[in-house]
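*Asks:* sequence plus predicted model, see below.
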Protein chains: 2
Amino acid sequence: MFKKGNINLLQNELKKSGLKAYLILTSDPHDNEYISEFYLKEREFFCPFTGSAGSLLITENKAYFSTDGRYWIQAENELNDSGIDLLRDGDINVPSLQQFIKENHFYPLGVNYSNITKTRLDKLNKLGIVTKDVDFSYLINRKEPSRANKVFKLSDDLSTLNYKEKIDLILNEVFKKGASANLITTLDDIAYILNLRGNDIPFNPVFYSYLYLSKNNGSHLFIDKNKIDFNIDGVEIHPYEDIFEFLLKHEDIKTLVDPSRVNARIYSILKEPVEAKNPSYLMKAIKGEKEIENTKKIQALDGLALVKFQKYLDENLDKNLTEFDYSSKLEEFRKESKLCFDLSFETIAAVGKNAAMMHYEPAQEKSSIVSKNDIELLVDSGGQYFGGTTDTTRTFLIGKPTKEYIHDYTLTLKALIAVSRAIFLEKSDGHTLDILARQYMWNEGMDYKCGTGHGVGYILNVHEGPNGLRYRAVPERDDQAPIVPGMITTIEPGVYKNEKYGIRIENNLLCTKAFSTSDGYFFKFETITYVPIETRSLDLSIMTEEEIKWLNDYHEMVYKKLSPLIKDDELLEYLKKLTKAVGR
Amino acid sequence: MFKKGNINLLQNELKKSGLKAYLILTSDPHDNEYISEFYLKEREFFCPFTGSAGSLLITENKAYFSTDGRYWIQAENELNDSGIDLLRDGDINVPSLQQFIKENHFYPLGVNYSNITKTRLDKLNKLGIVTKDVDFSYLINRKEPSRANKVFKLSDDLSTLNYKEKIDLILNEVFKKGASANLITTLDDIAYILNLRGNDIPFNPVFYSYLYLSKNNGSHLFIDKNKIDFNIDGVEIHPYEDIFEFLLKHEDIKTLVDPSRVNARIYSILKEPVEAKNPSYLMKAIKGEKEIENTKKIQALDGLALVKFQKYLDENLDKNLTEFDYSSKLEEFRKESKLCFDLSFETIAAVGKNAAMMHYEPAQEKSSIVSKNDIELLVDSGGQYFGGTTDTTRTFLIGKPTKEYIHDYTLTLKALIAVSRAIFLEKSDGHTLDILARQYMWNEGMDYKCGTGHGVGYILNVHEGPNGLRYRAVPERDDQAPIVPGMITTIEPGVYKNEKYGIRIENNLLCTKAFSTSDGYFFKFETITYVPIETRSLDLSIMTEEEIKWLNDYHEMVYKKLSPLIKDDELLEYLKKLTKAVGR
């Protein structure tokens, strides 16, 4: 746990080692977005922030925490009294962390090279920031990661391609790039390729490992052998730590590696790197027939859980339950389906002004009471199912909405509908589409400080590239590949008013073919989230006929998808009410 | 002039020199978009295409011409019977020219290194295409470029900054990039920096030259001395050809140079290149106060010429005049203003199905008759004025419109209005905005095979970066910089139906500040083209109230801008009619 004194401990080490500063990223050796408790402990030891993104810089006599717009409000609150200054990454006139380091001459800079990607380290160095590979984690009391998290195989009906087919396809691509091997260090890619899942990281069903594929030297998985109880035909299994020795032995082989994802320590071993995106990065995003079919099935199960939740919310508003109580209840409803084995991320259940913090997560000990004194309860949540991964937000009306709230809620829905109805030419990407949503906020001088959407994994990480929607490319995110049929992308516009309220509506959209004409192939989206959208806080007078039709059609589909799953008449009546057509 | 035999001449040379192919780009040593007759002659000698973009590849026994979507229809017609195959660059399943060269092993490839940019040559080489610097232009009968094209100074009231101020600003930027000199090879940048204009290239008031700026070694202009009759205080003038010798003498100086624009022969001399965009590239695009004020003035003059033209068209439709006659007449009307000294590009006046060819230019000898048998006359034209550069398209109704035409014309206007009304957050670029226009075509399976808009120079090239609107980034175009106040961008959506008709409406938009809020700085556009928009071919029933209001407001502004310039009552009445408010 964080104590101010912890920072001093590190500052003493800095002085001894001749470094001007030490940089702690929220990262692990695999550049996974969520990281296990073991790797998170380092940041947590020096900083009270609890969100899932941000970097801590400790200098000889100060500390700075840099995080993006999603977390500004949260970080302001949590860093209060910590003595750590907040750097609002992405804000006007605020330098990026690396510019900040450069301008203030906070170098030589210590970095643990196994927790930073090759590309990110290069950027620091190119700016003239001298870095040194150091590891101060000995200051921290932390347990070794558990060795008991078992890896399991996906049943055959869950994957369109088996792992041998995937490896063949990958090696073909690798060959085209002029390499003969592929070192894969990203955990979701490894899980995807092998049709295996694990349990090492909260919400991400992946397992710590490295995968090396080659035409001439076979396939090799590096993993703690305690975790895997079976053989994989054609894949040799090595201890996790042996990756270094193995790569040293194969240094003469041209190896495709993604410098933006591989950690700098591993990269430094490769003598013949061929820098490129891993072929699995795009392959994984384009879901096959079985993946799509299964995802639609479990999205209906997820929708059912959310309808039960909304009913529960309606019926318990007078009981002074907390956000945490509600998020626990939602987890219960999800897990009524035996296909749901985890959540896909920490549920965001935020009432009233808490919802203005985009990624607020209610902790048991300090979550707010949900009552009619607030306008809304925003719930952003998802499940991991044997059959897919979901990510849905609804903003439920619980109190009396103001005119301003109704207006903003309606804008949010208009933004969602605009993308949902879009038709777009091949080679369009998320940068092309984003403004369809954001225009409604921009017209009124508002902006949501995040992308409009992100790719979603399949029984995998809820954030997945290379698809995503943002109004300008952010190269580090690498999520602006053309959106093509088979990709699943969220669409989640919102309005956030500090100290007032937060509104977000989020669906998952499957890209499909629209039509082809002499002008090219056109694509569209099919909404595959089946959850009623709150209509009581809509101002229909600022919606077009087409938008109202879209909403009514959507609700008709939701009813069709969910009603066969419901045996309880009362619940069915409730669903009917929620999905009733609206009109002016 | 082209003869089939010319290709054979070159093929003979290929055999002698051991090359597999020779590549002729439509380019000059300065990467100018339009090129002088002298440089154009090479392509024209081997290929009958007359458009302004495309590359010719001559192999040992074949020839191929690659051009983008704007020119496909035109190239198909003009290459007919030439024995040259068309490669539709950008079409589905058609490889890019470089891929084509690679796949067919058309190398070693001869290229004139002084006519290819460093970046473009690098791309060929990185693909494994071996190239050789050769020059077969001795096969061609062509005259040396004229030495009589005089350079002239802009009067002081035409530029916000004088050339010394500009050079200071540039050298500051150069210093920030770690260089101490800047070699500028792009002609419009040189003209911009020095506040000079010339007459070497049709429509582009630039002059062939190189400019070298440095803190310690002063400023140096390399230009045919016959062209310049005055001294430029602080700028040493050298003969054009001396640039090579000069650079050799200064090879130890860190010189900022834009590899995407400098020719490969010049680049090869530099020993210490600092690769970056020329600071003038962005500076030039952000127009100052005087530039904006003057541009608005001459846009009104240009609008007046177009109103006179439309009246003339209305009154002469029975006379069987040709497209060429009309385009000549329009030039006459423009030149009634003594401020107009040239056109900004060859006028496109295309009747009926000719207009489906986006960049059709009527030649005197083969232009079509304009009559009521066709629906429309599309006129895309612009003028060079002492006060700015214009680029406007109107599609005039001359015959009986079909329902389909009315529908498509209305979509085109809706697309124009959507961008014209946009409000966008700082850091938005043309990729962000493009779909606002294109969505109307995409929804119906149509696409216009060009960007939605481009930057416009000031008394300079009508196509100017780094601003532009396209639905996906095309790195070679380098026109996707954030759009910021002071930039002028065209917006020119359209519908092109092969063998039927072509529709385009084009305005010039000045980016201005909209408002700033806690969420950032927001920008908008001010339309600075003042030309009535044809309303007789509109289907008001598919327009929104806001769109109709925009159109009526626009026409009110046009009337206010143009009426003070008109003394003739009949013309004033005509303008009143054209700008009359419409309503359902």
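*Replies:* Structure received.
*Asks:* all strands for the stretch 151-300 of chain A, in order.
*Replies:* Under the criterion DSSP state E, counting those that start in this stretch, the stretch 151-300 of chain A contains strands at A:152-153, A:181-184, A:196-197, A:210-214, A:218-222, A:235-238, A:255-257, A:273-275.
*Asks:* what's the closest of those to chain B?
*Replies:* Proximity to chain B, assessed across the strands of the stretch 151-300 of chain A by Cβ to the nearest Cβ, is greatest for strand A:273-275 (12.8 Å). The C-beta positions use only the backbone N, C-alpha and C, and glycine is treated the same way.
*Asks:* how far does the closest one sit from its chain's centre?
*Replies:* How far strand A:273-275 lies from its chain's middle: 27 Å, per Cα atoms, centre = their mean, to the nearest Å.
*Asks:* do any residues in that strand lie close to chain B?
*Replies:* No - on the criterion Cβ under 8 Å from any Cβ of the partner chain, strand A:273-275 is out of touch with chain B, staying 12.8 Å away.
*Asks:* given that strand, what are its sheet partners and their directions?
*Replies:* Applying DSSP bridges, strand A:273-275 is found paired with strand A:255-257 (parallel).
*Asks:* which SSE is immediately downstream of the top strand by length along chain A?
*Replies:* Using DSSP state E, we find that the single longest strand of chain A is strand A:507-517. Downstream of strand A:507-517, the first helix or strand assigned by DSSP states H and E is strand A:520-527.
*Asks:* got the angle for the helix or strand hosting A:Val307 vs strand A:520-527?
*Replies:* Using DSSP H and E, A:Val307 sits within helix A:289-316. Angle, helix A:289-316 to strand A:520-527, by axes from the mean of the first three to the mean of the last three Cα atoms, to 10 degrees: 40 degrees.
*Asks:* and the residue nearest the centre of chain A?
*Replies:* A:His463 (2.9 Å; Cα atoms, centre = their mean).
*Asks:* burial count for the residue nearest to A:Ser219 when sequence neighbours are not counted?
*Replies:* Among residues not flanking A:Ser219 along the chain, A:Val235 sits closest, at 4.4 Å (Cβ to Cβ, 6 or more residues apart in numbering or on different chains). Residues lying near A:Val235 (other Cβ atoms under 10 Å in any protein chain shown) number 18.
*Asks:* surely A:Val235 meets A:Phe222?
*Replies:* No - counting by Cβ atoms under 8 Å, A:Val235 stays clear of A:Phe222, with 10.7 Å between them.
*Asks:* stretch A:127-140 vs chain B: in contact?
*Replies:* No - Stretch A:127-140 stays out of contact with chain B when judged by Cβ under 8 Å from any Cβ, the minimum separation being 9.8 Å.
*Asks:* compute the first-to-last residue distance for that stretch.
*Replies:* 30 Å (Cα to Cα, to the nearest Å).
*Asks:* what parts of chain A come near chain B?
*Replies:* A:92, A:422-429, A:431-436, A:438-439, A:442-443, A:445-447, A:449, A:471-473, A:482, A:498, A:514-515, A:517-522.
*Asks:* if we go to 7 Å?
*Replies:* Counting by Cβ under 7 Å from any Cβ of the partner chain, the positions of chain A adjacent to chain B are A:92, A:423-425, A:427-429, A:431-436, A:442-443, A:445-447, A:471-472, A:515, A:517, A:519-520, A:522.
*Asks:* in helices, which of these fall?
*Replies:* Using DSSP state H, the members of these that fall within helices are A:431-436, A:442.
*Asks:* write the ChimeraX selection for whichever of those are buried.
*Replies:* In ChimeraX, this line selects whichever of these come out buried by 16 or more other Cβ atoms under 10 Å in any protein chain shown:
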select /A:431,432,433,434,435,436,442
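*Asks:* state the pair within the ones in helices among the residues of chain A next to chain B that is farthest apart.
*Replies:* For these, with distances taken as Cβ to Cβ, the pair at the greatest spread is A:Thr432 and A:Trp442 (16.1 Å).
*Asks:* what residues does the nearest residue to A:Thr535 once chain neighbours are set aside make contact with?
*Replies:* Computed as Cβ to Cβ, 6+ apart, the closest residue to A:Thr535 that is not its neighbour in sequence is A:Val582, at 5.1 Å. Neighbour list for A:Val582: A:535, A:538, A:540, A:548, A:551-552 [criterion: Cβ atoms under 7 Å, 6 or more residues apart in numbering or on different chains].
*Asks:* swap in A:Ile84?
*Replies:* A:47, A:63-65.
*Asks:* tell me the two of these that are most distant?
*Replies:* Farthest-apart pair in those is A:Cys47 and A:Tyr64; separation 9.9 Å (Cβ to Cβ).
*Asks:* comparing those two, which residue is more hemmed in?
*Replies:* For A:Cys47 versus A:Tyr64, the count of surrounding residues by other Cβ under 10 Å is larger for A:Cys47: 25 against 22.
*Asks:* can I assume that one is in contact with A:Phe65?
*Replies:* Yes - with contact defined as Cβ atoms under 7 Å, A:Cys47 and A:Phe65 form a contacting pair (5.8 Å).
*Asks:* which neighbours do these two share?
*Replies:* In contact with both A:Cys47 and A:Phe65: A:56, A:84, using Cβ under 7 Å, 6+ apart.
*Asks:* tell me the pLDDT at the residue nearest to A:Ser214 when sequence neighbours are not counted?
*Replies:* Leaving aside its sequence neighbours, A:Ser214 sits nearest to A:Ala181 (Cβ to Cβ, 6+ apart; 3.6 Å). pLDDT recorded at A:Ala181 is 97.
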